[in-house]
Every structure is written in structure tokens, then in C-alpha cells.
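Visitor: please work out how this folds:
(chains A and B)
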Amino acid sequence: MTRPPAWRRYARFFGADVRRDVDDELRFHLEAKTQALIDGGLSPREARAEALRQFGAVSDVRALCETFGSADVRRSERRLYLTGWGQDLRYALRMLRRTPLVSCVAILSIALGVGANTAIFTLLDQVLLRLLPVPAPERIVRVQSQGYYYGSTNGTGRELSYPMFAALRDHQQVFEGMFAYFPIGVAVRAEHGSRSAEMTPAALVSGDYFSTLQVRAAHGRLLTRQDDAPGAPPVAVLSHRYWQRRFAGAPDVLGRTLLAGTQPLTIVGVADSGFDGMNLASATELFVPLALDGPMQAGASRLDRQGLRWLKIYARLRPGVTEQAAAASLAPFYRSLRESDLNDVRFARAAAATKQRYLNENRLEVVAGGGGLTPMRNQLRGPLVVLMAIVAGVLLIACANVANLQLARGAARQREVALRLSLGATRARIVRQLVVESLVLAGLGAAAGVLLAVGGVQVLLAFLIDPDSPSLLIATPNPRVLGFTALIAGAAGLLFGLAPALQSTRPALAHTLKDQSGTVAGGAGVRVRKALVVSQVALSLLLLVGAGLFIRSFQRMMSADLGFRTEQIVTFGADPTPIGYRGHRVKQYAMDLLARVRATPGVASAGVARVSLLAGGAWYESLAVEGRPIRADDGVDSRVNAVTPGYFDTMRVPLRMGRDFRDTDFRVAVPGEKVDESDQGYRVAVVSESFARKFLGPQPIGRHIGFGADPGTPTRIEVVGVVGDSVYTGVTESRSWQIYVPFLESTDDAMGWFYVRTTGEPAAMLDAMRAAVRDLDPAVPPLQLRTLTTQVNRSVASQRLVTGLCVLFGGLATALAMVGLYGVMAYTVTRRTRELGVRMALGARSPRILWLILREALWLVGAGVACALPLSLLVSRVLQSELYDATGIDPITVAGATLLLAAVAMAAALVPSWKAARLDPLRALRLE
Amino acid sequence: MKKASLDVVRGTLDVLILRALTWGPQHGYAVSQWIRERTEEELLVEEGALYPALYRMESKGWIGSEWGASDNNRRAKFYALTTEGRRHLKQELDTWQRYTQAVSRILSASTGPGLRRA
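Guide: Got it, this is the predicted structure:
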């Protein structure tokens, strides 16, 4: 008569225990048999032995039974388990449907939070995380020069010259392939005589470009080393996208001729679809051999210029070779290249110290290059990271809201849960069901969020993309983004679901099953909800502070004095070289166009510059100043522009001293004439006033400067005027030293950028300008025709976007937090209804009751603000790199954000407080 | 005195168990004693062999099990026939009838093979 011991009963609580069951069964049999034998007359010991003998091998039987039993148990458990999840899902949907309003609010909150995160991550994924669509992109590296170089550059100074590239390519053993790359824009025409040219983004590539990247051809063949040899027939390869767009995918495109500028190119192939060049944000459509550099840019070839660093070099590492090993292996040869470089003519006047610096302070770096050459990446890296942090904050606030909602729902379902627990459901099971509810909410919210995100990204892209170039960025999420969305939705679901689920299944059964009307104060549940609201308020304050900082920074940026006036200016470029203008005719074209523009009604004045303002383009030179001794390559680094007379007046750049350029500052370049490096043919110059102040002393007019930074550089250019400082490449740049030379004295065929001051609205003059350009020569289209204000806005597009998004998300976060605050305050009033009724009965009047509730709200907001204030200092510091002209702590912004938050919070709390003050005391006291 | 016992073929044991359960749910001990008594201890000399058979048949779905209380209020596992089990039992009984009839026809034959007079 033995019952299984108590501990075994509890052990079974966790599920069927096959071994114990089999044990029990066999023991029952043996004991029954033994008893029967005892009844038949045997002694207990004999009976036991006989029973065992008649049974057979107990352990074998047991083993067999256990095997069968566990297989069975596993199968039924699995079935039960799966149906359990199905049950949970259906139940969750039913529960959500029962309180549609609350569910909708929750889903909307999650949709906003998840949607914002998905949108930003979509951008981040495409701009920052994407790699080239080639095999093994992680082995593609960029080979760049780091440190001091002597010479000029068409980039950032990290490029290499062609002779260096060729030598490295032929000598190296660590790469499977190596190529040089230079992006260009070409005016493509179908054939000679056709007047309409289309600006096409293209690239000059060396022969091993396609083979190193392991791109395949969709049609025809790709470029090889033979195509990149001097004297080879001029060919080109199209991108798949371009082939579809321009030639409708026609298979007979091979052998056709394109005109790039004035250079005919034979099409020999089409690259595989999906490959759009090295820029992952903007498509390259035409690939041309590097050997065609001269003809492609209607000037001298840059291939034999030893001192010009202009080529971006990429390579594919051999398997097993690391970037550091490759750099180390190339270092000795690179040094020997530099040593022989010292014999180049450009070092003729260089000091010995300069030569030493060049040898010792320059090295070759091999860095990861799988991300291609995407300028947008650097531009947007900082802002995108900031935005990710912001939308993470928004999501947290949304989660806190939903957690509050779940807690409130949990409190209302206390009875149901208690009943289920007392009927035998395990706590784990109920928690699981509640968590499934939360996950369903999160899932629905995430689905809605993805839809929101797609729309949002489309809007964002409209701001980010330069409409002139074919963008590769799309609004629809790719699998990686969707995976990210699923991840954060799941995490959010657990975050706001687990704690309330655990909270509401706490085994305080007896208490809950009884009537709850007697309770007054809240207990742990309310504390958690209040803590959530406090954290929401704190996060909102941080986001508002961030938004405020960005707004102020943007304001400062837009109101900064650029040095010239941007209102009422129309600007455009006109480049006649693609259709064959050369030499003297180029300048004549510019002058003719200028005259035509000036004669147009509505034009007050006009000027031409060689470098387009606020477009990122630049011309830097290192200058020698008369009377300032140079020891070793320490010339004055200045920005240079070539302008026509009337430019300063048009741009309202004030003339401080001396004179503007005159029409007589004009020079006709004789073909074949050797121009000295130190003045590049210029005879006069106008300098900016900070330059004059620093280097030319009190009498700058009549002093001389020269291009070059070596000892003994001749200074033959005469300074004839001084003008005010102005910005050059961008609005955020500090106004620095600038030199202006006469446009008309230039000795190369540079195009001109026109700046036209209009008497009326500049936007109205755009058509007139287009007509003026077309009338002069219909084959030359105006480039980037827009008002200067538009140009300014374009140049700050990403800052504007970030600021706008910060404001949007800051506002969103605050709105969500206020919803949370309102919810908790309403709950507080409900909970304290009896107490308030008692107070009113004891004589408290409406204003006192109002203040009572409002005070509680004030505490919550105050606590949130107090937590956030020290963190906001941290935020200011962290954001400093992204802000314009930011100086440490900005108390106005912090104060403003705090006041705004407090005001909105008070408004949110006012409604429940008002309702509390208007309570009917009798109804309040009667509430059961 | 020990009798020589017949070894029970597995399939036959299944049928015996199913037959034992036709009168209602029983626990394993009861089934084993019933079989031993009815066959006068010729079959199921090793009582333990019953249990793997029971578990196997439960997996197949011929019988179902449930824990219950025995006559003297002990905890025991009771087995009962399922519909599938009943069907299988009927099939086996039919087969057994035909088998035994065929065998007895041979065993009670009066003439042997190959003695046909032309």
C-alpha cells in the first residue's frame, strides 16, 4: 500500500516521466505477483524470488518499454506543444479584437517606431553597408597615398599618378589584379552633326578594371589591357542599365559608334546587369579606357604627368594576403619610385628639406575598398548614425507606451489570470500566452511600419538625390533591412510584453480573487508605469535638445555671411569644348555669351568664373609672396578662381582697395607657347582681404605673388586689388585666403560658370538664360541652370534633411511621450477617485483637487527632466562634430527644449486633472 | 514439475493481449495472469515479455493506456482496446480460423500425397 513519495509527484509536474512510469508499472506487477504467491503459501522472500523468476529479465524489459514510451511521449508532447502555440495565437488575436481602440493605439505607436527605424536603416544599409556586386567584394582594396606629397591633385591628395600606378601594377605580387579609375562626365551624342548631347556619367578605367572586379559581359566583350594601350582603337563598354535605357537593349549595339565630346568610341560590349560602376549610390553608364584621357577631356593627356595625382587605385587581394601585408610588401618599391620621382622637373627649385619630406613622410596605404567609391557615404555617415540613435529613442518611447498599455490591460485582466492559475495553468504558460499577444501586436505594428517606411524613404530620397545623376538608391527594403525590422519588432515585443506579463501573473491569488474595491494606493504596478513615463519624458527631452541643436546650427549656417550676396542671382555653366571648340574660340565663346547675357532685358550685371561656387569644386595653389622667404615648401595655401571684370560687382563682393580686372587684362595664348609654372600666364591678381592683411602688409597694391612654394619661386604676378573674404566650396567652410586671376588671361580651355544678377525675380529669368545660351550655339546646353539660392540649398541638402528629420522625430517622440503621460495620469485619477471623493466631502474645493493631480504630473515631468539634463550635456558634446559653428554647451537650446516639454506635458496632464476637479463627490464615493 | 514451455511468437502474443482486453480495460498483471491461467501456463512463461508488447501495440494505436487505481487502491496502468485494435483483433481471429481449419484438414487427412491411383 505504498503511494509514490511526494517528491516524485512533484517531479511529474514538469511532464510525463517515462522511466518512472515504467518503473511504477513493473513494480506493481511484481508486487501483485509476490502477494499472490504469499497468499499461495510461500514466504515473502521465496515469493519475491519466484515472482522475479517468473517475470524474466527486468532490466531488459524496462529498457524496451522505456524506448517505446519515450518515443511516444515525445510525439504527443510535440503535437501538444504546437497546438499550444496555435491556441495562443488565436487567443491573442481575439483579445486584441476585444479592445480595438487600445490595440489600434498600440499598433500605431509600434508602427511609428518601427517604421522610423526601418526607414533610416534602409538608407543606412544602401549608403553605408552595401558592397560592390562582384565576387568576394571583401577582398577588393583601395591603394592610396598617405602623407606629404609634392605636386598637384585632382582629388583629395590620396590618389596616384599614372606612371606610379603603372609601375606598381607591373611590379606587385600581392594582388590578383589592380586598376586605376577616374570618374568623368561626358556629353554623349549619337553621331557627328547631331546637336543634342546628353551628359552621361562615365569613368576612365585602366585595362584590368573588369578582370580585377571579375565582372562578366552581358553582351559582346569587356575592356582589356589591349584596349588601354596607346594607339589602340577607341572603344567603350556600356553599363547594362544604359544599354536598356538608351538603346532599348538592342543586340546590334555592338560596333555602333558613340560620340563622347568630339571623340568617337566604338561600342564593344555591355557589362553584366547589376553592375553600375564603383559608385554605389549613383550609376556609371559608360566605361572608357584610360588611354583615351587626352581626347576625352579635349586637352592634354594626364597620363605622363608625374606630379599630378589624379587616379583612384583599386586592387583585389590574393587569397590569404591581408591589407597590412600588401602595404608592407609594396612599401620598398614605392619608396624607390619616389626616389626616382625626385628627378622630375617639378623638383627643380625644391629645397633639400622638401625632398626629404617627400621621401620620408609619404607612404602607401591599403584599405578596404569593397564599398566602392561613393562620395555620398562620407557625406551621410555622421548624419545617418545620429538619425539611427534618434529613431532608436523614438522606438523606445513607443515601446514604453505599449508597455504601459499592456500593464493597464494586465491589471484589468487580473481576475481572469487568477482564475486560470487556480485551475491549474502554469505561470509559464500564461506568461507565454501574454507574450504571444505582445508579439502579435509587434508583428502587426511592424508590418504597418514597413509600409510607412517605404513611403518615408521615398520622400527622403527626393531630398537626397541629385536629379542630374541616375541614382541607385531605392525605397523598398531588401532582405537585410527586413531582417533588421523583424529583429527589432521581436525585441520590442519582448521588451514591452515580458515585464507586464510577468507582472500580471504574480501569484497573489487569494487577494485578487476577492473584490478589489477596497484598495486605495497602487503598489508595484503603478510604480513601474510611473517609471516608464519618467523615462519617456527624459528621452523626449534628449531628442528635443538634439533637434534644437540642429535647428540652431542650421539657422547659423543659413544666416552666415558668405561674403557675397546670393539673392537675385542666376547661375549656369556653358562648356563648348565637347563639340570641338579649342583655344581662342573657347574664350571668345565665353565673351560672346557674356555680352549676350548682359544685353538680355532683366539682367543687371553678369560675370564669369572658372570654378563654380558652392558646388564642391576647387582650385588650390600654394603661393609664394614677394618678400616672404620660403624655406622648404611652406607656401601659402590659397583657393584660386579666375573671373571676368564685373564678377565682383555682380556678386556684391566689396572691393576694398585698388581696382577690379579690366578688359585689357586679356591675353591670347599662342599654341605651343611654354608657360612658366610660377605664373601660369597670369600677370595680375586680386586678393582677398585676409590674405592681404596677413601677407602683404599695409600697402598690398603693387606687391607680387607667384604660384609655387619652393625657395626661389619667381613672384611676377602683380596684385592690383583687394576684395572682401568669401566662401568657396561650401556654406560651412570658413572664409579663407583667396586669389583671383583674370579669366581672360588663362592659357587652357577651361569652361566658364556664369553668374547673372537679375533686376527682378531670378526664377523668372531661367528661360531667358536658356534661350540666350541656345541662341549662341544650339549644340551647347546650359549646365546646372538654377538660381544661386537653389544652389545654396542644394549644398546644404543633407544638413537640411537631418535637421528636418530631427525635428520630425523629436516631435513624434514628444507626442508619444505625452500620450503615455496622459494615460498614466488618467489611470491615476481613476485609481484615486475614492480618495478624491473623500477629500471633496471633507471640504477640498476644485482648484485644490486640480492642483493635487497636476502636482503628481509635475513630479513625473520634473523627474524626467532631472534625469535628462546631465545627459543632454553629453548629447551636445557628441553632436558637436555634426553641427556648424557649435561652441560647447548651448543653454538656450536646453532651456527652450525643457520649457517646451514642460508646457506640452502640462497640457497633457491638464485634461485628467480637470476631469478630477469636476468629479461629483457622491459618484466618486459610491464607486465600487 | 517443470513442463517444457512453448515460445510465444510475437504476433500471436499481440492477438492474445487484444483478446484479453475485449472484456474491458485491464492492467498488465491481470492480462498476464489471465493468459497463463487460460493456457495452463503453457504460454507466457516469461511474464515480463508482455510489457514491451503492450507498449508496442500502444504506439501502433491498437490499445490505449490510462493510469488508474487497482482493486486494492494501488496505482496501476490500465490498457483498453481502441477501435483500430478491435478491427485488428477481428482480422487476426479470421486469419487464425482459416489457418487452423487448413491445418486440421491436413492433419485429419486420410490419404497422403502422391498415392493417387491412376
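
Visitor: enumerate the residues of chain A near chain B.
Guide: A:1, A:3-4, A:21-22, A:24-26, A:28-29, A:31-33, A:36, A:54-58, A:60-61, A:64-65, A:68-69, A:71-72 (C-beta under 8 Å from any C-beta of the partner chain). The way it works is simple: take the backbone N, C-alpha and C, and place the C-beta from them, glycine included.

Visitor: and those, which of them are buried?
Guide: Buried members of those, scored by 16 or more other C-beta atoms under 10 Å in any protein chain shown, are A:21-22, A:24-26, A:28-29, A:31-33, A:54-56, A:61, A:64-65, A:68-69, A:72.

Visitor: residue of the stretch 601-750 of chain A nearest chain B, please.
Guide: A:G616 (76.6 Å; C-beta to the nearest C-beta).

Visitor: name the nearest residue to that residue, sequence neighbours excluded.
Guide: Distances taken as C-beta to C-beta, 6 or more residues apart in numbering or on different chains place A:T729 nearest to A:G616, at 5.5 Å, with adjacent residues excluded.

Visitor: the longest helix seen in chain B - contacts with which helices or strands?
Guide: Longest helix of chain B, by residue count under DSSP state H: helix B:83-107. Where contact means 3 or more C-beta pairs under 8 Å, 6 or more residues apart in numbering or on different chains; DSSP states H and E, helix B:83-107 is packed against helix B:10-20.

Visitor: can you name every helix or strand that the helix it packs on contacts?
Guide: Using 3+ C-beta pairs under 8 Å, 6+ apart: helix B:10-20 touches helix B:28-38, helix B:50-60, helix B:83-107.

Visitor: okay if I get those helices as a markdown table plus mean neighbour count and distance to A:G862?
Guide: Below are the helices and strands packed on helix B:10-20 laid out as a markdown table (neighbours: other C-beta atoms under 10 Å in any protein chain shown; distance: least, C-beta to C-beta, whole Å):
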| stretch | mean neighbour count | distance to A:G862 |
| --- | --- | --- |
| helix B:28-38 | 19 | 73 |
| helix B:50-60 | 21 | 68 |
| helix B:83-107 | 12 | 72 |
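
Visitor: so which of the ones you listed comes closest to A:R221?
Guide: Set against A:R221 and scored by C-beta to C-beta, the helices and strands packed on helix B:10-20 come closest in helix B:50-60, at 66.6 Å.

Visitor: report whether the closest one contacts chain A.
Guide: Yes: counting by C-beta under 8 Å from any C-beta, chain A has neighbours in helix B:50-60: B:51-52, B:55-56, B:58-59.

Visitor: so what touches that helix?
Guide: For helix B:50-60, the surrounding residues in contact (C-beta atoms under 8 Å, 6 or more residues apart in numbering or on different chains) are A:22, A:25-26, A:29, A:61, A:64-65, A:68-69, A:71-72, B:10, B:13-14, B:17-18, B:28, B:31-32, B:35, B:44, B:63-65, B:79, B:84-85.

Visitor: now do that helix against helix B:10-20, angle only.
Guide: 80 degrees (axes from the mean of the first three to the mean of the last three C-alpha atoms, to 10 degrees).

Visitor: let's see helix B:50-60 as CSV, backbone CA atoms only.
Guide: Taking Å, rounded to 0.1, in the frame of the first residue of the first chain, the C-alpha atoms of helix B:50-60 are listed here in CSV:
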residue,chain,number,x,y,z
LEU,B,50,4.1,-8.8,-22.0
TYR,B,51,5.1,-5.3,-21.4
PRO,B,52,7.2,-4.4,-24.4
ALA,B,53,4.3,-5.9,-26.4
LEU,B,54,1.8,-3.7,-24.7
TYR,B,55,4.0,-0.6,-25.3
ARG,B,56,4.5,-1.5,-28.9
MET,B,57,0.8,-2.0,-29.5
GLU,B,58,0.1,1.3,-27.8
SER,B,59,2.4,3.0,-30.3
LYS,B,60,0.6,1.4,-33.1
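
Visitor: now that helix: mean pLDDT?
Guide: In this model, helix B:50-60 has an average pLDDT of 88.

Visitor: number of nearby residues for A:I184?
Guide: Using other C-beta atoms under 10 Å in any protein chain shown, A:I184 is surrounded by 17 other residues.

Visitor: quick check, pLDDT for the most centrally placed residue in chain A.
Guide: Chain A has A:L384 as the residue nearest its centroid, 3.4 Å off, counting by C-alpha atoms, centre = their mean. pLDDT for A:L384: 90.

Visitor: assign it to helix, strand or coil.
Guide: At A:L384 the chain is in helix, as set by DSSP: H, G, I helix; E, B strand; the rest coil.

Visitor: and for the nearest residue to it once chain neighbours are set aside, the neighbour number?
Guide: Closest residue in space to A:L384, ignoring its immediate chain neighbours: A:L124 at 4.8 Å, by C-beta to C-beta, 6+ apart. As a burial measure, A:L124 scores 19 neighbours (other C-beta under 10 Å).

Visitor: hang on, A:L124 packs against A:A389?
Guide: No: in this structure, A:L124 is not within contact of A:A389 by C-beta atoms under 8 Å, at 11.5 Å.

Visitor: where does the prediction get shaky in chain B?
Guide: In the predicted model of chain B, residues B:1-10, B:44-45, B:115-118 satisfy pLDDT under 70.

Visitor: spatially central residue for it, please.
Guide: Short answer for chain B (C-alpha atoms, centre = their mean): B:L16, at 1.1 Å.

Visitor: how much space is there between that residue and B:Q26?
Guide: B:L16 is 12 Å from B:Q26, where distance means C-beta to C-beta, to the nearest Å.

Visitor: over to A:A298?
Guide: A:A298 is 105 Å from B:Q26, by C-beta to C-beta.
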